[in-house]
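1. Provided below for reference: sequence and predicted model.
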Amino acid sequence: MVQLRVLVLLGLILAGCAPRTAGPTVDSDLAAEEADRMREAALYERLIQQRELLDIGVPIMMGNAEFCGDRTRYYTGIEIMHPGDVAPEYRGALRRLTDNSDDRLIVTHIVPGSPADGILRSGDFIEVLDSIKATSDSIPRLRAKLIQSGIRRFEVSRNGQRTSAEVSSVKGCDFALNLIGDDRVNAFADGDGIFVTTGMMRFAQSDQELALVVAHELAHNTMGHIDAKQGNAVAGAVVGGIFTALTGINFIDLGMQLGAGAYSQEFEAEADYVGVYLAERGGFDMSGAELFWRRMAANNPASIHLEGTTHPSAAARFLAIRTASEEIAEKRKANLPLIPEARQVGPVTQPPEDLTHK
């Protein structure tokens, strides 16, 4: 009985807070049509950002195979898609955007400067690749073919006409370029791939800035920073276990946390330094790239603090990247190979000229 009274009282209170005017009636069919348009717009933006990431990332991968040891693959520069690659609710949008009502395997992008540039085109439908007919079941085998060495032989449909083409491949680093739907301005590496958020894609104002981001994350992978951090975390957990046994207080999690953070700023500084080289070797002029960190500091003033946190301060990163770029310029003048020095970038004693308005 008490519960019933409470429910009645709650109903009376909520009734007093109910809307007093009636909004327009929304037709459910029209709402469904608008939802389809929104999905199409959302998918289009993601495809554009994915293309931008590939246009920057693939040349950097192709230009730095020698730094990646056995973590290499081959690139043709061809991006392919099938409606089955996206969630069911987005397949209709993909079909409309690519004019692919028959659910065929379509070339959605060719990376400029890649082996396929000028040979295949965005919008080509792949019919056969190396004697393998393009069907839903054969797509995994076709994707595997695109990362193998040698000449790839295509039969494609273009504007209703069937044509043949041959595309070579270039060896490059084998770290996947991943676009993440996240509004935060962020990028990271995990030892196997490079991850860039949609927020970072919107924040980066130029190819140079995005190249700086991608190359920095590639440097983390090529320099073994992820494995080193994991090893430090394990070492910290072992030390924490010893203190736990001696005191009876659990220090394992704290030891793991402290271990994972060991040399964090040094790893980041090294990735900044090596990353400038990797970006230059990928074909991107990095002179003036340090200005990215002035904009980043304006976006996140906490990063200006000279002590830094897990990363060096924005001011330190600005100066270090500027020095690395100058070092590369001197090597170019002397016709020296663009190989990072086996050292950290030293302290910068000369203040930079004011580049704010350049």
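-> Right, received. Where do you want to start?
2. Surely residue 111 is in contact with residue 56?
-> No - using C-beta atoms under 8 Å, residue 111 makes no contact with residue 56, being 9.4 Å away. Where you see a C-beta, it was placed from the backbone N, CA and C, and this is true even at glycine.
3. Just want to know which of the two has more residues nearby.
-> Remark: of residue 111 and residue 56, residue 56 carries more neighbours, 28 against 21, as counted by other C-beta atoms under 10 Å.
4. chain center to the host helix or strand of residue 58: distance?
-> Using DSSP states H and E, the element containing residue 58 is helix 28-62. Put simply, helix 28-62 sits 15 Å off its chain's centre (C-alpha atoms, centre = their mean, to the nearest Å).
5. mind listing the helices in the stretch 201-350 of the chain by residue range?
-> 207-222, 225-247, 252-261, 264-281, 291-299, 314-333 (DSSP state H, counting those that start in this stretch).
6. Which is the succeeding secondary structure element to the helix holding residue 58?
-> That would be, after helix 28-62 and using DSSP H and E, strand 72-75.
7. Report the rounded mean pLDDT for that next one.
-> For strand 72-75, the mean pLDDT works out to 96.
8. same deal with stretch 48-55?
-> Per-residue scores along stretch 48-55 average to 96.
9. Ok, stretch 116-133 next?
-> 95.
10. Can you list the buried residues in it?
-> Within stretch 116-133, the residues scored as buried using 16 or more other C-beta atoms under 10 Å are 116, 119-120, 123-129.
11. Between these, which sits nearest residue 47?
-> Of all those, residue 123 has the smallest distance to residue 47: 12.8 Å, by C-beta to C-beta.
12. Quick check: the closest one is in a helix.
-> No - read with DSSP: H, G, I helix; E, B strand; the rest coil, residue 123 is coil and lies in no helix.
13. how close does it get to residue 208?
-> Residue 123 is 29 Å from residue 208, where distance means C-beta to C-beta, to the nearest Å.
14. what does residue 192 give?
-> For residue 192 relative to residue 208 (C-beta to C-beta), the value is 26 Å.
15. Please identify which of the two sits among more neighbours.
-> residue 208 (18 against 12).
16. Let me know the pLDDT of the closest residue to that one other than its chain neighbours.
-> Of all residues not flanking residue 208 in the chain, residue 289 sits nearest, at 5.4 Å (C-beta to C-beta, 6 or more residues apart in numbering). In the predicted model, residue 289 carries a pLDDT score of 95.
17. What of the one 4 residues further on?
-> Residue 293 is assigned 91 on the pLDDT scale.
18. and the most centrally placed residue in the chain, how far is that from residue 189?
-> In the chain, the centroid-proximal residue (C-alpha atoms, centre = their mean) is residue 196; its distance is 2.9 Å. As judged by C-beta to C-beta, residue 196 and residue 189 stand 10 Å apart.
19. wouldn't residue 154 be in contact with residue 162 here?
-> No - counting by C-beta under 8 Å, residue 154 stays clear of residue 162, with 10.7 Å between them.
20. Looking at these two, which is more packed in?
-> residue 154 (23 against 11).
21. tally of neighbours for the residue lying closest to that one once chain neighbours are set aside?
-> Using C-beta to C-beta, 6+ apart and skipping the chain neighbours, the partner closest in space to residue 154 is residue 165 (4.7 Å). By the criterion of other C-beta under 10 Å, residue 165 has 15 neighbours.
22. what stretches of the stretch 201-350 of the chain score poorly on pLDDT?
-> 225-264, 306-311, 342-350 (pLDDT under 70).
23. hmm, back to that, residues touching the residue nearest to the centre of the chain, list them.
-> Counting by C-beta atoms under 8 Å, 6 or more residues apart in numbering, residue 196 makes contact with 53, 177-180, 187, 210, 213-214, 217.
24. hmm, 10 Å instead?
-> 49-50, 52-53, 56-57, 177-180, 182, 186-188, 204, 210, 213-214, 217 (C-beta atoms under 10 Å, 6 or more residues apart in numbering).
25. what's the distance between it and residue 269?
-> The value you get for residue 196 to residue 269, if C-beta to C-beta is used, is 21 Å.
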